[in-house]
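**Student:** Based on what follows, work out the 3D shape:
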Amino acid sequence: MTAPHPAGGHPLREIRLNAFDMATPGHIQQGMWTHPRDDSAGYARLDHWTALARRLERGLFDGLFLADVLGVYDVHGGSPDAALRGGVQVPLLDPLMTVPAMAAATTHLGFGVTCNTAHEPPYLFARRMSTLDHLTGGRIGWNIVTGYLDSAARALGYDAQMQHDDRYDLADEYMDAVYALWEGSWADDAVRRDAAGRVFTDPARVRRIAHHGRQFRIDAMHLCEPSPQRTPVLYQAGASERGRRFAATHAECVFVNGTSPAVVARLVADLRARAAPRPILVFVGATVVVGRTAAEARDLLADYAAHADAEATLAHASASLGIDFARYGMDEPVEAGPGQAIRSNVEAMAKVAGPAWTKRKLLEQSVLGSRQPPIVGDPAEVADALARWVAEADVDGFNLSRTVMPECLEAFVDLVVPLLQERGLYKTAYAPGTYREKLFAAGPRLPAGHAAARHRAWG
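**Tutor:** Okay, the predicted model is just below:
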């Protein structure tokens, strides 16, 4: 669906929405869990997640995008203490364990879960994702990450993580292994369920996968029969040069950080050109503070900002940028040399704050406890801002970070969604089918032009 757009911009299309969350007290906006109306500290209750899923489905959200890490944020001051005190993505539950309950509480909502290619054998991971695709009725997606925390590598028995580009090389091989299991082991008609003939599965329609690579060896058939999508919807968030090459090969949906529409537009153009002719959807990270009036929104922002945690913000930034901010004074220029953290985050920070940026500049930018500047206003102002991002940056939708939950989500669903629908920029009902069918209005499985297709062994 398209609608009129400002001269010089891209046509507006139906906006896609994910909620961006994590099974932890403090995700992106550090300190919001201390707000008296916030329920993030209830992250360990199952009803916390089923209630969230129902709210998202009421707002016709495409999906819930669940972040995850396998280590703790211990770069700041060389210690995890600031992260532990501030609830900065620790304590942290396994996000995949929450999905079946949320799927049972909803009918259409998709689930994009973050899993690391560096620290789990592809054979085991392939079964877990096939299981989730079966149990959700084809509503599972995978955010492919290569990791960036040395603490995670040490926790899993390594001295340190692999070099940045080497992690992507490993991930390319990992993808070949899981594609072979998902796409090439079982024929569509392998499972017969023939009680009279006493044949559940036709052995002639199941093949053993023999993958003998640099990093992984598999000599086995996949344990799961074909799930509704076979391969989950594939998300990826790497914006470095190597990350973009990986995305062009594998990703169906790409998550980018929202620095400015002009900067993001260049990144999106590059991603689309690399992936062409295969289509991709691009989601940009966004934080929204909306009120019934502009004044109410500004009051909410001030209320929320009073709970932002500067030390927790620095703990999060230190890990994701690979810079120990405890070593710097407030106005001392920060040196960001080559590192093994998230390179695109370092590049984005330099673009926003300039080459000689400081800890003070970082904290001044972090209004709500993160580097993501919020969109603030009444429903029309927020809708205008979202539409402007789509028009100017050529993005397809947004990963909306939580602030104070559940009121931030309820306000967006009650105030912004109806206005977007009135403008023809947002769906009024879910399309039928799997997660992939809803997102792409195509079949439930990856198209023939995708890299996974060469692993298909059955006619």
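
**Student:** Select the longest helix from the protein.
**Tutor:** Secondary structure of the chain per DSSP state H: the longest helix is helix 164-184.

**Student:** Now that helix: buried residues?
**Tutor:** Neighbour counts over helix 164-184 (16 or more other Cβ atoms under 10 Å) mark 164-165, 167-172, 174-184 as buried. The way it works is simple: take the backbone N, C-alpha and C, and place the C-beta from them, glycine included.

**Student:** Can you report phi and psi for the spatially most central residue of the chain?
**Tutor:** Of all residues in the chain, the one closest to the mean position by Cα atoms, centre = their mean is Phe65, 4.8 Å from it. Here is the backbone geometry of Phe65 (degrees, to the nearest 10): phi -100, psi 110.

**Student:** Show me what it is bridged to.
**Tutor:** Note on Phe65: beta-bridge partners by DSSP bridges are Phe20, Gly112.

**Student:** Quick check: it vs Arg456, distance?
**Tutor:** 28 Å (Cβ to Cβ, to the nearest Å).

**Student:** Ok, Glu296 next?
**Tutor:** Plainly put, Glu296 is 54 Å away from Arg456 if you go by Cβ to Cβ.

**Student:** Thr114 now?
**Tutor:** Distance, Thr114 to Arg456, using Cβ to Cβ: 27 Å.

**Student:** higher neighbour count, the two?
**Tutor:** Each of Thr114 and Arg456 has its neighbours counted (other Cβ atoms under 10 Å); Thr114 has more, 21 against 17.

**Student:** Wait, a strand at the more buried one?
**Tutor:** Yes - counting by DSSP: H, G, I helix; E, B strand; the rest coil, Thr114 is part of a strand.

**Student:** quick one: contacts for it?
**Tutor:** Residues in contact with Thr114 (Cβ atoms under 8 Å, 6 or more residues apart in numbering) are 66-68, 95, 143, 145.

**Student:** Next: Lys438.
**Tutor:** Counted by Cβ under 8 Å, 6+ apart, Lys438 has contacts 62, 108, 110, 430-432.

**Student:** Please apply the same query to Asp133.
**Tutor:** 139-140, 227-230, 232.

**Student:** go again using 6 Å as the cut-off
**Tutor:** Contacts here follow Cβ atoms under 6 Å, 6 or more residues apart in numbering; on that basis Asp133 touches 140, 227-229, 232.

**Student:** low pLDDT regions in the protein?
**Tutor:** Within the chain, the stretches with pLDDT under 70 are 1-12, 336-355, 459.

**Student:** In what element of secondary structure is Thr143 found?
**Tutor:** Wrong residue type there; residue 143 is Asn, not Thr. Assigned by DSSP states H and E, Asn143 belongs to strand 140-145.

**Student:** How far away from the center of its chain is the helix or strand following that strand?
**Tutor:** Beyond strand 140-145 on the C-terminal side, the first helix or strand identified by DSSP H and E is helix 150-155. Put simply, helix 150-155 sits 21 Å off its chain's centre (Cα atoms, centre = their mean, to the nearest Å).

**Student:** Just the residues contacting helix 150-155, thanks.
**Tutor:** So helix 150-155 is contacted by 70-72, 74, 160-161 (Cβ under 6 Å, 6+ apart).

**Student:** Buried ones among these?
**Tutor:** Using 16+ other Cβ under 10 Å, the buried ones in those are 70-72, 74, 161.

**Student:** mind giving me TSV with those and columns for secondary structure?
**Tutor:** What follows is those, written out as TSV (three-state DSSP):
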residue	secondary structure
Leu70	coil
Gly71	coil
Val72	coil
Asp74	coil
Gln161	coil
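
**Student:** Tell me the one of those residues nearest Ala391?
**Tutor:** Distances from Ala391 to the buried ones among the contacts of helix 150-155, taken as Cβ to Cβ, are shortest for Leu70 (37.9 Å).

**Student:** so how far is Asn116 from the closest one?
**Tutor:** Computed as Cβ to Cβ, the Leu70 to Asn116 distance reads 6 Å.

**Student:** Name the residues that touch stretch 261-274?
**Tutor:** Residues contacting stretch 261-274 (Cβ under 6 Å, 6+ apart): 244, 248, 254, 256, 282, 284, 389, 392-394.

**Student:** Now, those that are in strands?
**Tutor:** The members of those that map onto strands under DSSP state E are 254, 256, 282, 284.

**Student:** which of the contacts of Thr114 count as buried?
**Tutor:** Buried members of the contacts of Thr114, scored by 16+ other Cβ under 10 Å, are 66-68, 95, 143, 145.

**Student:** which one of those residues is nearest Gly369?
**Tutor:** Each of the buried ones among the contacts of Thr114 was scored against Gly369 by Cβ to Cβ, and Ala67 proved nearest at 15.5 Å.

**Student:** for that closest one, what are its contacts?
**Tutor:** Taking Cβ under 6 Å, 6+ apart, we find Ala67 in contact with 22, 114.

**Student:** start at 507 instead
**Tutor:** I'll keep to 507 as the first residue from here, and by that count the last item is Ala573.

**Student:** So Leu523 sits against Leu566, correct?
**Tutor:** No - using Cβ atoms under 6 Å, Leu523 is not in contact with Leu566, being 7.8 Å away.

**Student:** More neighbours: those two, which one.
**Tutor:** Leu523 (24 against 18).

**Student:** how about the helices of the stretch 707-856 of the chain, start to end?
**Tutor:** Applying DSSP state H, counting those that start in this stretch to the stretch 707-856 of the chain gives helices spanning 747-756, 767-781, 800-811, 816-827, 849-859.

**Student:** Deepest-packed of those, please.
**Tutor:** With neighbours defined as mean count of other Cβ atoms under 10 Å, the helices of the stretch 707-856 of the chain peak in mean count at helix 816-827, which reaches a mean of 25.

**Student:** Which strands or helices does it pack on?
**Tutor:** Using 3 or more Cβ pairs under 6 Å, 6 or more residues apart in numbering; DSSP states H and E, the elements in contact with helix 816-827 are helix 587-592, helix 849-859.

**Student:** Which SSE is immediately downstream of the longest one?
**Tutor:** Later in the chain than helix 849-859, the nearest helix or strand by DSSP H and E is helix 865-871.

**Student:** Strand partners (parallel or antiparallel) of the very next helix or strand once past that following helix?
**Tutor:** Sequence order places strand 881-883 as the next helix or strand after helix 865-871, per DSSP H and E. Within its sheet, and counting by DSSP bridges, strand 881-883 is paired with strand 794-796 (parallel).

**Student:** Next, the buried residues of the partner strand.
**Tutor:** Applying a neighbour-count criterion of 16+ other Cβ under 10 Å, one finds 794-796 buried in strand 794-796.

**Student:** can you list contacts of it?
**Tutor:** So strand 794-796 is contacted by 803, 806-807, 880-882, 888, 917-918, 921-922 (Cβ under 6 Å, 6+ apart).

**Student:** please redo it, this time with the cut-off set to 7 Å
**Tutor:** Applying Cβ atoms under 7 Å, 6 or more residues apart in numbering, the contact partners of strand 794-796 are 803, 806-807, 810, 880-883, 885, 888, 906, 909, 917-918, 921-922.
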